[in-house]
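Q: Starting from these lines, generate the structure:
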Amino acid sequence: MLDRIFKLGKEAAVYGLSSIVGRFLNFLLVPFYTNYLAKAEFGVQSNIYAYIAFAFVIYGYGMDSAYMRFVVSAESSDKRQTFSIPFFSVVGTSVLLSFIIYFYAPMISDLIGSRGHANLIQYSAGILCFDTLVIVPFAYLRMTNRAKLFAGLRILNIVIFVILTIMMLVVAKMKLEAVFIANLIASGVTALVLIWIVFPQLTIRLSGGLFKDMLKFGFPYIPAGLAGIAIQVIDRPIVKALTNDDTLGIYTANYRLGVLMMLVVGMFDYAWRPFFLTHARDQDAPKLFSKVFTYVAALLMLVFVTGSLFIEDIVRVKFFGRYFIHPDYWGGLSIVPIVLMAYVFTGAYVNFVVGIYLEKKTKYLPYATGAGALVNVVVNLVLIPRYGIMGAAIATLLSYVVMAIGIYFPSQRLYHVEYEWGRLIRVMLAACIVVAAVLLLGLQPATLLGIAVKLGATALFVLLVFVLRIFDTADIRETREALSKMFVRS
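A: From the prediction side, this is the model:
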């Protein structure tokens, strides 16, 4: 069993390399945003990108997921057709939608509360078009186990974006439009490279019946995806509406400090879907999937502990005379542990989706994500007026909890997995107790004493993982044997 888990870990590491490098480089832009853009400008950027996220779901309408599901059962002679149908479909619709957005940009900018920024909406139309063109080609790379090429192209995209953004902000002294122009160029280059790579997979021999089946599978991803995006970004427009652009800028900057947890969940998600599709017919598949979730949960809680304890030390680090995060934004640091925990439940949702995916019952997705989105909106409206951005963070956490629970029960009915709930609860309680105990001490950040205590607390959590038997002796023994075989082969 562990050999397959190690294979999943290896593939996740490759996919994660692109996510880690890319997200880290993107994360490094936060200091430039906070030091070279006004808080209000950062708020405008956050608001527009929230709507881009919503539009991206409509642009893709689940065709990448449909491709991944149908190509598994396609005959080798039909794989080009299975690729070409969703690819040509999204090319046509994305070009059409982007033309509409481009020509109606002034009206759209007024509607979303970004009056005077029609040029940014026009850049966004191009970004959406190029980013949609690559969703099926990237899915093709995942399903053909070309993880290194996948990772390389994603890193290329981020490197181009980061370099251009820094040059435009720092050297050319441009303002907010620099971010959108850099994104447009990076997305365009990535699209051209990917289309050239997958061109041999294209065919004009297309099946109308297969197209209808793929649409039937993919369309439920629109309401599900919109609800999922709502959970991720609907708080931005609500924060803007109930407060102002400055507050939204502070909230967005600190929300992004949860990037490490997002990286871990993202790298797991990229490798997880091809993995469970491949091993679903294995005799011990339910037990395998259960073990995977236990291991992933332990890793996520370790990230939660380290991120929650050390984030205040990190933001106070100075580079070339400037703080990593400008002091104007430090007032929102208290939301970071809440954001990290929200991503933990995102990881649970990713794991629980197995039954829905295997049985092609995507009709359940909108119910789970819709419930989460509804909770997000209601709790945001109730808590933000009273608790500010902390209320928005709590709303995000609660929505992810609801979404994970909502997908768990229908997925279990379709494909039962006996999860190790005792171990999962123990590792979560251990992490929360350790973090709460240290935060209640009120240690001064960026001091030797504070860092020493936090390092000790992190080591204590790792020790508790073994003391509380999160991994049993059989797991440890099998892991040792598997690692020994790997080293011998190498």
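Q: among the helices and strands of this protein, which one scores worst on average pLDDT?
A: Within the chain, no helix or strand scores below helix 473-489, which has a mean of 51 by mean pLDDT, DSSP states H and E.
Q: For the residue lying closest to residue 323 once chain neighbours are set aside, grab the count of nearby residues.
A: Using C-beta to C-beta, 6 or more residues apart in numbering and skipping residues adjacent in sequence, the residue nearest residue 323 is residue 316, 6.4 Å away. All C-beta atoms are positioned from the backbone trio N, CA, C, and that covers glycine. Counted with other C-beta atoms under 10 Å, the neighbours of residue 316 add up to 15.
Q: these two touch, right, residue 316 and residue 446?
A: Yes: the criterion here is C-beta atoms under 8 Å, and residue 316 meets it with residue 446 at 4.5 Å.
Q: burial count for residue 377?
A: For residue 377, the neighbour count with other C-beta under 10 Å is 17.
Q: Now do it against residue 398, distance only.
A: 11 Å (C-beta to C-beta, to the nearest Å).
Q: Quickly find the element holding residue 214.
A: If you go by DSSP states H and E, residue 214 is part of helix 208-218.
Q: what packs against that helix?
A: If you count contacts as 3 or more C-beta pairs under 8 Å, 6 or more residues apart in numbering; DSSP states H and E, helix 208-218 packs onto helix 63-73, helix 79-103.
Q: tell me which residues of it are tucked away?
A: 210-211, 213-215, 217-218 (16 or more other C-beta atoms under 10 Å).
Q: Could you list the low-confidence segments of this protein?
A: The model of the chain has pLDDT under 70 over residues 1-28, 73-77, 319-320, 472-490.
Q: One more pass at 50, please.
A: The model of the chain has pLDDT under 50 over residues 2, 482-490.
Q: which residues of it fall in strands?
A: 318-319, 322-323 (DSSP state E).
Q: Can you show me the helices along the stretch 251-400 of the chain?
A: 259-279, 285-315, 336-352, 354-358, 365-387, 389-414 (DSSP state H, counting those that start in this stretch).
Q: Deepest-packed of those helices, please.
A: helix 336-352 (a mean of 23; mean count of other C-beta atoms under 10 Å).
Q: one step back: residue contacts, the residue nearest to residue 323?
A: Counting by C-beta atoms under 8 Å, 6 or more residues apart in numbering, residue 316 touches 323-324, 445-446.
Q: that older thread, among the strands of the chain, which comes closest to residue 231?
A: Of all the strands of the chain, strand 322-323 sits nearest to residue 231, with 30.8 Å by C-beta to C-beta.
Q: any idea how far that closest one is from the chain center?
A: Put simply, strand 322-323 sits 28 Å off its chain's centre (C-alpha atoms, centre = their mean, to the nearest Å).
Q: And for stretch 81-101?
A: 24 Å.
Q: Kindly report the same for stretch 447-463.
A: The answer for stretch 447-463 is 28 Å, by C-alpha atoms, centre = their mean.
Q: and that stretch, which residues are buried?
A: For stretch 447-463, by 16+ other C-beta under 10 Å, it's 450, 453-454, 457-458, 460-461.
Q: Which members of those residues are positioned in helices?
A: Those of these mapping onto helices are 450, 453-454, 457-458, 460-461, per DSSP state H.
Q: Can you tell me which of the helices of the stretch 251-400 of the chain is nearest to residue 222?
A: Going by C-beta to C-beta, the one of those nearest residue 222 is helix 365-387, 8.4 Å.
Q: Work out the gap between the closest one and the centre of the chain.
A: 19 Å.
Q: So which elements touch that helix?
A: Using 3+ C-beta pairs under 8 Å, 6+ apart, helix 365-387 sits against helix 221-233, helix 235-242, helix 389-414.
Q: quick one, that helix and helix 235-242 angle?
A: Between helix 365-387 and helix 235-242, the angle comes out at 40 degrees (axes from the mean of the first three to the mean of the last three C-alpha atoms, to 10 degrees).
Q: which residues sit against helix 365-387?
A: 220-221, 223-228, 230-231, 234-235, 238-239, 242-243, 349, 353, 356, 390-392, 394-396, 398-400, 402-403, 406-407, 410.
Q: do that again at 6 Å, thanks
A: Helix 365-387 is contacted from outside by 220, 223-224, 227-228, 230-231, 234-235, 238, 242, 391-392, 394-395, 398-399, 402-403, 406-407, using C-beta atoms under 6 Å, 6 or more residues apart in numbering.
Q: That helix vs helix 221-233, what angle?
A: 20 degrees.
Q: could you dump helix 365-387 to CSV, C-alpha only?
A: Extracted as CSV, the C-alpha positions of helix 365-387 are listed here (Å, rounded to 0.1, in the frame of the first residue of the first chain):
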residue,chain,number,x,y,z
LEU,A,365,-21.4,19.4,-6.1
PRO,A,366,-23.7,22.5,-6.4
TYR,A,367,-25.5,21.5,-3.2
ALA,A,368,-22.4,21.2,-1.1
THR,A,369,-20.6,24.2,-2.5
GLY,A,370,-23.9,26.2,-2.6
ALA,A,371,-24.5,25.6,1.1
GLY,A,372,-21.0,26.7,1.8
ALA,A,373,-21.4,29.9,-0.3
LEU,A,374,-24.7,30.7,1.4
VAL,A,375,-23.1,30.4,4.8
ASN,A,376,-20.2,32.5,3.7
VAL,A,377,-22.5,35.4,2.5
VAL,A,378,-24.8,35.3,5.5
VAL,A,379,-22.0,35.1,8.1
ASN,A,380,-20.0,37.8,6.3
LEU,A,381,-23.0,40.2,6.4
VAL,A,382,-23.6,39.4,10.1
LEU,A,383,-20.0,39.5,11.4
ILE,A,384,-18.2,42.1,9.3
PRO,A,385,-20.1,45.1,10.7
ARG,A,386,-19.3,43.9,14.3
TYR,A,387,-15.9,42.2,14.0
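Q: can you count the residues close to the closest residue to residue 93 other than its chain neighbours?
A: Take residue 93 and drop its neighbours on the chain: the residue closest to it by C-beta to C-beta, 6+ apart is residue 59, 7.0 Å away. Look at residue 59: counted by other C-beta under 10 Å, it has 20 neighbours.
Q: Could you report the distance from residue 59 to residue 284?
A: 39 Å.
Q: sorry, back to before: can you put the helices and strands packed on helix 365-387 in a markdown table and add distance to residue 368?
A: Converted to a markdown table, these look like this (distance: least, C-beta to C-beta, whole Å):
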| stretch | distance to residue 368 |
| --- | --- |
| helix 221-233 | 8 |
| helix 235-242 | 19 |
| helix 389-414 | 3 |
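Q: out of these, nearest to residue 278?
A: Comparison of the helices and strands packed on helix 365-387 against residue 278 by C-beta to C-beta identifies helix 389-414 as nearest, at 18.2 Å.
Q: Nearest spatial neighbour of residue 256, chain-adjacent residues omitted?
A: Residue 256 sits nearest to residue 30 (C-beta to C-beta, 6+ apart), 5.6 Å away.
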